[in-house]
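Peer 1: give me a model of this one.
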Amino acid sequence: MKNHAPAQRFPSATGDSLLQTAPKDVHWPPVREGKLDGYLIAHVITDRTGQVREASPYHSDDNRELSPFVSQVALQYKFKPFLVDGVPRQLEMPLLIHFVTTSGEPIPELDDAHTRKLITGCVLPHSISDPASTGQQIEIIFKVNESGHMGTVGSSDRKIPVLSLFQQFQSCKFGIYSQNGKPTQYHAHLRVKAK
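Peer 2: Residues are numbered from 1 along each chain as shown. Below you'll find the model as predicted:
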């Protein structure tokens, strides 16, 4: 039985120099939030002919909504065969992919009254400890997925540590919100006074 050599790992610049073909006119799906023009990173492995055979998304700040689609796009890339002593080898590297997309239906933004009706299982405060913003009205903003699970939480003044907010609201139960008869993710805004 023949042992196959592992894929060679290289930085993105090495892969760029070997690029043979990239997909043209990629139709990225519309997004509900985030950047409409930016870059995504995929971790790719080519076969010995240079065709991308495996691809998985890396974390991307430009638009996380598009991460599930980056692998499909990466599989359409082909590189020149990577040769080691004249023998073609697999190549493993990060692949930077440019995207341009459009805005889809925006994520619903629920006001304080709606938020207080939708969240149960915890006491929702009307004030919060935030010495840096004492006396100001701020919003605690929850991002909730289609199943009613809190994904992220933050404050409008960006001064309250996210971990302390998460700990304070982790026992809360978030209701499912429907849009056009279908469960959807949403942003719930809780208005509180900083003290």
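
Peer 1: C-alpha only now, for contacts and for neighbours.
Peer 2: Noted.

Peer 1: next up, the contacts around the nearest residue to Pro161 once chain neighbours are set aside.
Peer 2: Nearest non-adjacent residue to Pro161, counting by CA to CA, 6 or more residues apart in numbering: Gly154, 7.9 Å away. Shown in contact with Gly154 (CA atoms under 8 Å, 6 or more residues apart in numbering): 140-142, 160-162, 165.

Peer 1: apply 10 Å and report the result again.
Peer 2: Counting by CA atoms under 10 Å, 6 or more residues apart in numbering, Gly154 touches 139-143, 160-166, 189.

Peer 1: residues of the host helix or strand of it that come out buried?
Peer 2: Using DSSP states H and E, Gly154 sits within strand 150-155. Across strand 150-155, burial judged by 16 or more other CA atoms under 10 Å covers 150, 153-155.

Peer 1: what's across from Ile138 in the sheet?
Peer 2: Here Ile138 sits in beta bridges with Val192, going by DSSP bridges.

Peer 1: distance of it from Ala132?
Peer 2: Here Ile138 is placed at a distance of 11 Å from Ala132 (CA to CA, to the nearest Å).

Peer 1: give me the more crowded residue out of the two.
Peer 2: More crowded of Ile138 and Ala132, by other CA atoms under 10 Å: Ile138, with 21 against 12.

Peer 1: so the more buried one makes contact with Arg191?
Peer 2: Yes - Ile138 is within contact range of Arg191, at 5.9 Å (criterion: CA atoms under 10 Å).

Peer 1: now for those two: what residues contact both?
Peer 2: 127-128, 155-156.

Peer 1: alright, I will stop here.
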